[in-house]
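1. Just the structure for this:
(chains A, B, C and D)
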4 protein chains.
Amino acid sequence: MGLKKGEEYLQSIKSLGLKAHVLGETPEDLPEHGLVAPSQKAVAFTYDAAHNSETRDLFCTESFLCKDVVNRFTHLHQSAADLVNKVKMQRYCGVQTGCCFQRCVGLDAANAIFSTTYECDQKHGSHYHERFKDYWRWVQQADLVVDGAMTDPKGDRSKRPVEQPDPDLFLRIKAHRPDGIVISGAKLHQTGMLNSHEILVMPTLTMRPGEEPWAVCCAVPTNAKGIHYIYGRQTSDTRKLEVSKLDVGNPVYGGQEVMTVFDDVFVPHERVFMNGEVDFSGILVERFASYHRQSYGGCKAGVGDVLIGATALIAKMNGVDRASHINDKIVEMIHLNETIYSCGIACSATGEQTAAGNFQVNMLLANVCKLNVTRFPYELARLATDVAGGLLGTMPSAADLADPLAGKYIRKYLAASPEYDTVDRMKVLRLIENLVAGAGAVGYLIESMHGAGPPTAQRIMIRRQAKIDQKIDTVKHFLSIK
Amino acid sequence: MGLKKGEEYLQSIKSLGLKAHVLGETPEDLPEHGLVAPSQKAVAFTYDAAHNSETRDLFCTESFLCKDVVNRFTHLHQSAADLVNKVKMQRYCGVQTGCCFQRCVGLDAANAIFSTTYECDQKHGSHYHERFKDYWRWVQQADLVVDGAMTDPKGDRSKRPVEQPDPDLFLRIKAHRPDGIVISGAKLHQTGMLNSHEILVMPTLTMRPGEEPWAVCCAVPTNAKGIHYIYGRQTSDTRKLEVSKLDVGNPVYGGQEVMTVFDDVFVPHERVFMNGEVDFSGILVERFASYHRQSYGGCKAGVGDVLIGATALIAKMNGVDRASHINDKIVEMIHLNETIYSCGIACSATGEQTAAGNFQVNMLLANVCKLNVTRFPYELARLATDVAGGLLGTMPSAADLADPLAGKYIRKYLAASPEYDTVDRMKVLRLIENLVAGAGAVGYLIESMHGAGPPTAQRIMIRRQAKIDQKIDTVKHFLSIK
Amino acid sequence: MGLKKGEEYLQSIKSLGLKAHVLGETPEDLPEHGLVAPSQKAVAFTYDAAHNSETRDLFCTESFLCKDVVNRFTHLHQSAADLVNKVKMQRYCGVQTGCCFQRCVGLDAANAIFSTTYECDQKHGSHYHERFKDYWRWVQQADLVVDGAMTDPKGDRSKRPVEQPDPDLFLRIKAHRPDGIVISGAKLHQTGMLNSHEILVMPTLTMRPGEEPWAVCCAVPTNAKGIHYIYGRQTSDTRKLEVSKLDVGNPVYGGQEVMTVFDDVFVPHERVFMNGEVDFSGILVERFASYHRQSYGGCKAGVGDVLIGATALIAKMNGVDRASHINDKIVEMIHLNETIYSCGIACSATGEQTAAGNFQVNMLLANVCKLNVTRFPYELARLATDVAGGLLGTMPSAADLADPLAGKYIRKYLAASPEYDTVDRMKVLRLIENLVAGAGAVGYLIESMHGAGPPTAQRIMIRRQAKIDQKIDTVKHFLSIK
Amino acid sequence: MGLKKGEEYLQSIKSLGLKAHVLGETPEDLPEHGLVAPSQKAVAFTYDAAHNSETRDLFCTESFLCKDVVNRFTHLHQSAADLVNKVKMQRYCGVQTGCCFQRCVGLDAANAIFSTTYECDQKHGSHYHERFKDYWRWVQQADLVVDGAMTDPKGDRSKRPVEQPDPDLFLRIKAHRPDGIVISGAKLHQTGMLNSHEILVMPTLTMRPGEEPWAVCCAVPTNAKGIHYIYGRQTSDTRKLEVSKLDVGNPVYGGQEVMTVFDDVFVPHERVFMNGEVDFSGILVERFASYHRQSYGGCKAGVGDVLIGATALIAKMNGVDRASHINDKIVEMIHLNETIYSCGIACSATGEQTAAGNFQVNMLLANVCKLNVTRFPYELARLATDVAGGLLGTMPSAADLADPLAGKYIRKYLAASPEYDTVDRMKVLRLIENLVAGAGAVGYLIESMHGAGPPTAQRIMIRRQAKIDQKIDTVKHFLSIK
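-> All right, here's what the predicted structure looks like:
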């Protein structure tokens, strides 16, 4: 089969015939829909980069599973260096697309399931690990996009799954059949789901005895019977439907979020990787979450590079790039962005091998990484807003630029540094707007906060991983305290 | 004439017959246009509040100019208590409209011009002050909305007005006529201009000898011949044009920004309040800016209250309002918001009388106030995003809620605390989205950064006002250093 | 009697014959002790300022109690303007002494007790208010320093007073006698206690039914039988005992903290202002705390001015005062310092009259004020450290400066800008060291954190005062949510 | 020769017979002096750790120069893994000593000189590299401590070396002799100089043509003729001279800073590694600085661990460790501390080989690391102060604890959680005081700001290393801007 090109990927998704509710309609040709197409192009970028001579080495690697060269987005990490390369690859994708490219979540899910199933089998005598290897070998060879589906709706947050009035508010096994299971529930915030071939369903939190129906991990195709998609509505999304591409900011790529409903979806046994083993639900969640928190140290730093570049460029266009306070703000943006990246690298370089053989990130540092991601992009956005100027909130539309009279005035009065074209200046301002207050801000800000779990989830993990008692003991010893 | 009601105000604007370029069109009935109407309603609120028995005392006061009771939005402050009341009134408007209500800028301009013209006349023997009093008496009695127009396009920021290739990049007196002057140029970022009856044009920076044509202050009606308006395009603005009001977030009110072009506009002498007196241009700019920076201590605290209330409400709806970290974040939001307000109050309570008799805010503290406004709303928005959850970026549209199948799933899976209706929860989430990443964020975030000048402008003023040499002398004395 | 001068005050304290444990000794002439004398001079400053022609108007005011002109440090506030003047007076003292001048706590206690006793009498038919008026009239006329003693040791923080193994861990009424009460316990962190004539004892938290013995408020002289003092040990304190004054940084003034033990101290009835009325204990605590949190908006801003002045001066001495990043840091210091001050002014200007007739600060804003004080001085100290340079941690001693050889090298190699003397440069560096890491840092940093209660205490009050439900209701109304 | 033990190291230093000016005296037995001994013990720790079975693997490595096993503190890094191990070793030393252990600077100097001399020889045909290898082989085999001396006094910062009135304000070659050179000048802020056997002198900034005398790099023994030492005076330093060790906080270890004067010191040719090659002065400075900024990612994280452990312990002792806000603050401390560490790891893991063969850290990320170190320890200190409580500024002295009466009261009233001894509680408070406001704060706060250069130096390097033009080009390509 071999590594697909972007165009082949796009065809393969088209052939799935997925349907979704989008702004009150169910478009016939979903992948061509204006809201969807930019996000598919972002995923397609991850395919083309594996064929590009400059990036092939970073994007391709040999799989120990199938012995073929595979796209790193489907790789089971064999070393700390693999983990570092993952982050480098993500930063590269971020800087090239300026948005969420959506393909990490399945990669992170696969690595977590790989090691968890191994340990589960060791303890429970189950056979999930081999099943998963078979499944993932196919994914690698077919070069597929896999969505990792974790986030349940959760209903009333003060109640456990078993206590919710509606048991579906956490996705569950509704029925057992001789040939498989039937699942029911929903997964929210599914980034890039509609651009995926497959879904890896995982539990959303540590289940307890008595909550076995909710301890389920399995794979289903995105076009499985019973699955329904409802598109997420995002800030400024409909600009993507307009004729001119100027106002949208990011001219090619974009993100996507979808609510996914599993209305009695059947899953055959060979695609089930956890079936009630509540004692491994928490382990799976923590591992997946840690991988995914590492990911943000790459991708968001990449998007940060775009914002920094755009900010430095608008400063030149405005003629203020030599002002010391402007320079200071850009340096601060770089500093914060590289701090995020450093955390991504650090949790990778200190990663360790699991019993199953693949490499797990340093869980303390991966959570530290993500916690910084819930903060620094906001400050980058604030500084970019400062440097860019008030036009971010007041600039006329592309449609008015096209009007003879209004266009004349816009060109006359938005001229700044004579070295740059006025419409180019508008493009840069719209790109910055996209990232700090437009459609791109959903990925760069809201997702930085909540993707891979909100900050409180990271704080809990940091507390748990930090070996505070060991620090206390050191101090006691230091002070001769018994 | 007396105090207008909101409805009368709306009629009075309608009768002006203003035209503007909006998204490529020039709508026939501009005030009824979906993008414009919400912003007019916000201004209308300031009229109705003067008739409401609960707020009348705050919104009405006696004018020393015309001896009538006038709306405080046209008042020339007679005491520090007046300045404090201005801030209280602004906070109230902010909390009731959840957006920029646009009427402060003329108020701030009037108070600055009142005292500056007095001092200019004293020095130069000009007669601007009486002219301005006549003008403003009329504004008070007719209860008008006045836009204050300061921000020139500025072109290449590294060049002075006189050095720009296009002299219009700073608005200027293009010709002197026996009966008045002709002005040419543009003012950007004009909040609420289209909802105003009158415009007070002011210079944008301290002009130097040789730059007399750019040292101009005058009043023109918004429907004057030669004025052209081009509507500013804002994040998520077109949601206001949609059928359902759910997705727009703020169901009634909204902001507005417009680029205003003055293409050879004639101004009769009796409406000219500065005509080349470069030595007063900087004074006028600083005073206006300081008043306007005080304003932000009121209005943005008011919008902050809306965001805090919405955040506290969504926490209840999600069932997490008893979690200590949630409580902590809400307390932090309150703390930051009240710090902004405190600065607004402080620069008012320590305000001082000018030679002309009205009261000027404490210029050091007014700039401190605004500098905090360029920071804290961003942190409030970040914390609100944290508490609200990822649905801010992924929630389905109102159109899909109206679909029988999708709507069923949305209601099932977005249910949270049983004490609240799911659609109400969606409303609150859309309101938060509006303020942190939607149309409201233009007013709450971008305008907080750049309105009344960007942070660097405040830093320069703080440096100038802080009497650092006096602090150094105290330390020298303290340490017996000569 | 009239207003004492500083020298008279010093004599009056000397005549009390107080004894204290200081570094393992009980010095014969305590006020002359090197650790104590600087702190007494700081208090004496508050007396001299009432006689200085430039500051008399700020420091003197007429008492409604005794109809005499009194020092504002003993005043019962009669208006919001009085509250504002208090803050201005405190800032002035801070900037002149560069340390804690210790006299606010009794002022804040008196105002809180004045209004609380009035309301207690109204409800319980007690007669505390008149007693307190008699007492305070004497304080005003004798122009005394009064310590407000609130902070109990608290023992195990997870236990109530009544649950502690040792009941004295919260100060309590140990015995009732026909002529008065006997109290037992201790008050920690007593700033300036040894420079006071009188002590106002107050409970440390809201007592509950069953905790009547701990609900006690009374006045005792500092030299009462049974009181024991143990001096607090502070960073770099012994430099005050050295021959040269250079290394101490602040050449004249300083702070003081003392642990005060009440070992069966008798208090006659006429000095008892609360005796078991648990329902007023919390009110007293909150009011005192709010006044004292207001105070920090003045005094710490004053000390901040000294640090800013010293930082601006060292920048000149180093020859870097024209560097933009240095300028930026100084502006940031000013901004933060003025934000603190603004909060102090705002909670004063919005203060309201109590039932008893004196004025109470706005409790929400006073807590906001103090919460900022727990943050911003730390950032000021960090920025001052940045600007001052590494010599803060490495500069040779005054003793080595006095050595012929070492002194020659020090003068040669610590020379910087030729406009300044090298030893003067060392003085400024030692002053900065004093405030950021030396004896002065106890007052400027540690006390800013914990004085008037730690940040969590302010957060609880902010939560309680913020009317969150009202904000929620506004949003509900706004969104038509029932 | 082999690896010395700590005791052997102490003897070897004693045998050098160094003299210094300390608080106005020149102590006969300097290493035994109370101010000096704790700092020597901290260095000795680095020797003992190489013999400890648990840490030997981390502290020992094979040298490619001498083929022996050497202490990693003298190692020339042969891989990125070596760089990572350096950081891990530094964190370990930090957590075990709670202070600056002073041995990194020579290690960082050696690695920078190693690669710089190689490139200099390539260009200029000089022979410094072999000389340096000979020298360093001897250092490795003798297991010496080497001080890296960079920071010149700099005089008037607005002037270049050649413009200073006193040419010695930057250390320079004063004379050339047939057998070597004579240097004159001083190096400030020399951490651990008096605990070193050797000094590596380096220039402090990029020299320009015409400034050849200041472009000098060489090695001299610490007891060379003409060198004079003047001890730095630090906050609370004299507590180390007191009888009781309680008040000093850190009972065993401590830091040290010394001003070093080179009064016509002769250096033979075989110890000269740069002699006027101005074009390599900047390269040497940048490389050394980057290595040293990496170091802070290890050592300060280690000291941070001590502060975190002490804070967590005092929370238990106070009985508040279950309070959510306490827990939150400790998690925040961990988060910030691990962010510093992550940056240290990241700049190591992405290090690259130099032409000379050793490994250089990633210079962008090393500067990002250090810039975070100029911020986060301050916030850790602030949070520790918050959690620890006001006793940090008010606790009685050890001498009063020893007094029968005062001691009884102290034990009674400072008792908190019954599970802990009161004196142990005092120990922990004194340790925290040491780090946030005492002698340890010099190393943990002031040195974090200025050691390895102040924040502005890092910002300049970040700006230079960040490839901003490349980011701009990416955005231009992205937006089709020419």
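
2. contacting residues around the residue in the stretch 201-350 of chain A that chain C sits nearest to?
-> Of all residues in the stretch 201-350 of chain A, A:Ser324 sits closest to chain C, with a separation of 3.8 Å (CB to the nearest CB). C-beta coordinates here come from the backbone N, C-alpha and C atoms, glycine included. Residues counted as contacts of A:Ser324 (CB atoms under 8 Å, 6 or more residues apart in numbering or on different chains) are C:Ser324, C:His325, C:Asp328.

3. Please report the distance of the spatially most central residue of chain A from C:His325.
-> Of all residues in chain A, the one closest to the mean position by CA atoms, centre = their mean is A:Gln102, 5.0 Å from it. A:Gln102 is 41 Å from C:His325, where distance means CB to CB, to the nearest Å.

4. How about A:Asn358?
-> Computed with CB to CB, the distance linking A:Asn358 and C:His325 is 47 Å.

5. More neighbours: which of those two?
-> For A:Asn358 versus C:His325, neighbours defined as other CB atoms under 10 Å in any protein chain shown are more numerous around A:Asn358 (22 against 19).

6. for that one, phi and psi?
-> Summarising the backbone geometry of A:Asn358 under the convention degrees, to the nearest 10, its torsions are phi -80, psi 170.

7. Spatially, what comes nearest to it if we skip its sequence neighbours?
-> A:Leu76 (4.6 Å; CB to CB, 6 or more residues apart in numbering or on different chains).

8. Surely the one you found is in a helix?
-> No: per DSSP: H, G, I helix; E, B strand; the rest coil, A:Leu76 lies outside any helix segment and is coil.

9. Could I get the pLDDT score of the residue of the stretch 201-350 of chain A closest to chain C?
-> With respect to pLDDT, A:Ser324 scores 96.

10. go on, A:Met1?
-> Looking at A:Met1, its pLDDT reads 53.

11. One more: the one 3 residues further on?
-> Note on A:Lys4: pLDDT of 97.

12. Pull the contacting residues for the residue nearest to it when sequence neighbours are not counted.
-> Spatially, and ignoring its direct neighbours in sequence, A:Lys4 is nearest to A:Asp143 (4.6 Å; CB to CB, 6+ apart). If a contact means CB under 8 Å, 6+ apart, then A:Asp143 has A:Met1, A:Gly2, A:Leu3, A:Lys4, A:Tyr9, A:Tyr47, A:Val70, A:Asn71, A:Thr74 as its contacts.

13. Farthest pair within the residues you listed?
-> Between any two of those, the greatest separation by CB to CB is 14.2 Å, found for A:Tyr9 and A:Val70.

14. Going along the chain, name the strands of the stretch 1-150 of chain A.
-> Under the criterion DSSP state E, counting those that start in this stretch, strands of the stretch 1-150 of chain A are mapped to A:60-62, A:69-71, A:146-149.

15. what's next to the second one, contact-wise?
-> The reference is to strand A:69-71. Residues from elsewhere that reach strand A:69-71 (CB under 8 Å, 6+ apart): A:Leu3, A:Thr46, A:Tyr47, A:Ala50, A:Phe59, A:Cys60, A:Thr61, A:Glu62, A:Ser63, A:Gln140, A:Gln141, A:Asp143.

16. List the strands paired with it, with their directions.
-> Using DSSP bridges, the strands paired with strand A:69-71 in its sheet are strand A:60-62 (antiparallel).

17. What's the local residue count around the closest residue to A:Ala349 other than its chain neighbours?
-> Leaving aside its chain neighbours, A:Ala349 sits nearest to D:Ala349 (3.7 Å; criterion: CB to CB, 6+ apart). By the other CB under 10 Å criterion, the neighbourhood of D:Ala349 contains 24 residues.

18. Show me what from chain A comes close to chain C.
-> Those residues of chain A that sit near chain C, judged by CB under 8 Å from any CB of the partner chain, are A:Ser324, A:His325, A:Asp328.

19. which ones are touching the residue in the stretch 301-450 of chain A positioned nearest to chain B?
-> Of the stretch 301-450 of chain A, the residue with the smallest distance to chain B, taken as CB to the nearest CB, is A:Ala399 at 2.8 Å. The contact partners of A:Ala399, taken as CB under 8 Å, 6+ apart, are A:Ser244, B:Leu23, B:Gly24, B:Glu25.

20. what about 10 Å?
-> Listed by CB atoms under 10 Å, 6 or more residues apart in numbering or on different chains, the contact set of A:Ala399 reads A:242-244, A:246-247, A:406-407, B:21-25, B:231, B:233.

21. For PyMOL, what selects the buried ones among those?
-> Buried residues within those, as defined by 16 or more other CB atoms under 10 Å in any protein chain shown, are selected in PyMOL through the command that follows:
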select buried, (chain A and resi 242+246+247+406+407) or (chain B and resi 21+22+23+24+231+233)
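
22. Mind picking the one among the contacts of A:Ala399 that's closest to A:Val95?
-> Proximity to A:Val95 was ranked across the contacts of A:Ala399 by CB to CB; first place goes to A:Leu246, at 21.7 Å.

23. so what's the backbone phi/psi at the nearest residue to that closest one once chain neighbours are set aside?
-> Leaving aside its sequence neighbours, A:Leu246 sits nearest to A:Ala398 (CB to CB, 6+ apart; 3.9 Å). Comment: the main-chain dihedrals of A:Ala398 come out as phi -60, psi -40, following degrees, to the nearest 10.

24. Might you calculate how far the helix of greatest length in chain A sits from the centre of the chain?
-> Of all the segments assigned as helix in chain A under DSSP state H, the longest by residue count is helix A:278-318. In terms of CA atoms, centre = their mean, to the nearest Å, the gap separating the centre of helix A:278-318 from the centre of its chain is 8 Å.

25. how about that helix, does it reach chain B?
-> Yes: remark: helix A:278-318 sits within contact range of chain B at A:Ala315, A:Met317, A:Asn318, by CB under 10 Å from any CB of the partner chain.

26. Let me have these in CSV, extended by distance to B:Gly17 and pLDDT.
-> Formatted as CSV, the entries for the residues of helix A:278-318 next to chain B read as follows, by distance: CB to CB, whole Å; pLDDT from 0 to 100:
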residue, distance to B:Gly17, pLDDT
A:Ala315, 41, 98
A:Met317, 37, 97
A:Asn318, 36, 96
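
27. and chain D, which of those residues contact it?
-> Among the residues of helix A:278-318 next to chain B, the ones lying close to chain D by the criterion of CB under 10 Å from any CB are A:Ala315, A:Met317.

28. which one of the residues of helix A:278-318 next to chain B sits closest to A:Asp237?
-> A:Met317 (27.2 Å).

29. check contacts around the nearest residue to A:Ser196 once chain neighbours are set aside.
-> Taking CB to CB, 6+ apart, and ignoring the residues beside it in sequence, A:Ser196 has A:Asp147 as its nearest neighbour in space, at 4.0 Å. With contacts taken as CB under 10 Å, 6+ apart, A:Asp147 has the following neighbours: A:102-103, A:105-106, A:109, A:187, A:190-201, A:220, A:222, A:258, A:260.

30. what bridges to A:Asp147?
-> A:Ile199.

31. what do you get for A:Pro396?
-> Partner residues in beta bridges with A:Pro396, using DSSP bridges, are B:Gly232.

32. State the number of residues packed around it.
-> For A:Pro396, the tally of surrounding residues (other CB under 10 Å) stands at 30.

33. I'd like the distance between it and B:Val22.
-> When distance is defined by CB to CB, A:Pro396 is 9 Å away from B:Val22.

34. Now list whatever residues contact both of those two.
-> Listed as contacting both A:Pro396 and B:Val22 by CB under 10 Å, 6+ apart are A:Ala406, B:Tyr229, B:Ile230, B:Tyr231, B:Gly232, B:Arg233, B:Val258.

35. For the helix or strand where the third one lies, which helices and strands make contact with it?
-> The secondary structure element spanning B:Ile230 is strand B:227-231 (assigned by DSSP states H and E). Under the contact definition 3 or more CB pairs under 10 Å, 6 or more residues apart in numbering or on different chains; DSSP states H and E, strand B:227-231 sits against helix A:398-401, helix A:404-413, strand B:180-191, strand B:257-268.
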